[in-house]
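Peer 1: what follows is a protein structure lacking sequence information:
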């Protein structure tokens with residue numbers, strides 16, 4: 001009797017989930033592309049972002065700053081305990097900054113091969129930390145008398 005019940009239950013569960021699943025969801029494949037990374041970046045028009053107005057992507061307490069320069073340049077960002085810099089001269093700039101606070105006042109400096117430096121102030125805001133942290137509650141547990149072992 002139990003086997004019949006479990007078989008019936010599995011039958012119902014299987015068909016109830018397949019009814020709600022769209023047919024095309026089961027038959028589609030992941031999207032792939034033969035485009036290069038440069039083509040992918042062009043799709044988002046990164047050329048429209050400059051050092052004065054960079055694209056800033058914030059995730060948690062980390063930010064990625066992206067922009068292009070008119071000529072090859074090195075870039076650095078500094079503020080208090082934060083200092084991040086690039087090592088190569090390039091036109092497409094990308095920097096990641098970790099351990100950011102809720103509000104960050106940073107100085108973005110662009111230095112060309114000719115040695116000309118230009119600085120831009122930028123502000124990055126992250127998601128605030130929760131005011132109340134949830135602390136797990138620890139309760140006392142005891143073994144019942146039947147589980148206790150006597151020495």
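Peer 2: Done, it's in. Here the structure is a predicted model, which means the values were calculated and not measured.

Peer 1: rest of the way, CA atoms for contacts and neighbours
Peer 2: Fine.

Peer 1: need phi/psi at residue 67.
Peer 2: Backbone torsions of residue 67, given as degrees, to the nearest 10, read phi -170, psi 170.

Peer 1: measure it to residue 134 for me?
Peer 2: 39 Å (C-alpha to C-alpha, to the nearest Å).

Peer 1: try residue 48
Peer 2: For residue 48 relative to residue 134 (C-alpha to C-alpha), the value is 43 Å.

Peer 1: hmm, back to that, so which of residue 67 and residue 134 has more stuff around it?
Peer 2: Shown here are residue 67 and residue 134; by other C-alpha atoms under 10 Å, residue 67 has more neighbours (21 against 7).

Peer 1: quick one: contacts for that one?
Peer 2: 46-51, 53-55, 92-94 (C-alpha atoms under 8 Å, 6 or more residues apart in numbering).

Peer 1: could you rerun that using 6 Å?
Peer 2: 49-50, 54, 93 (C-alpha atoms under 6 Å, 6 or more residues apart in numbering).

Peer 1: ranges for the helices of this structure?
Peer 2: 2-20, 23-27, 37-43 (DSSP state H).

Peer 1: which one of those has the lowest average pLDDT?
Peer 2: In terms of average pLDDT, helix 23-27 trails the rest of the helices of the chain, at a mean of 46.

Peer 1: what pairs with residue 94 across the strands?
Peer 2: Listed by DSSP bridges, the beta-bridge partners for residue 94 are residue 66.

Peer 1: I'd say it and residue 68 touch.
Peer 2: No. Contact criterion C-alpha atoms under 6 Å: residue 94 and residue 68 do not qualify, at 8.7 Å.

Peer 1: surely residue 105 is in contact with residue 123?
Peer 2: Yes. Shown here, residue 105 and residue 123 form a contact pair, counting by C-alpha under 6 Å, at 4.7 Å.
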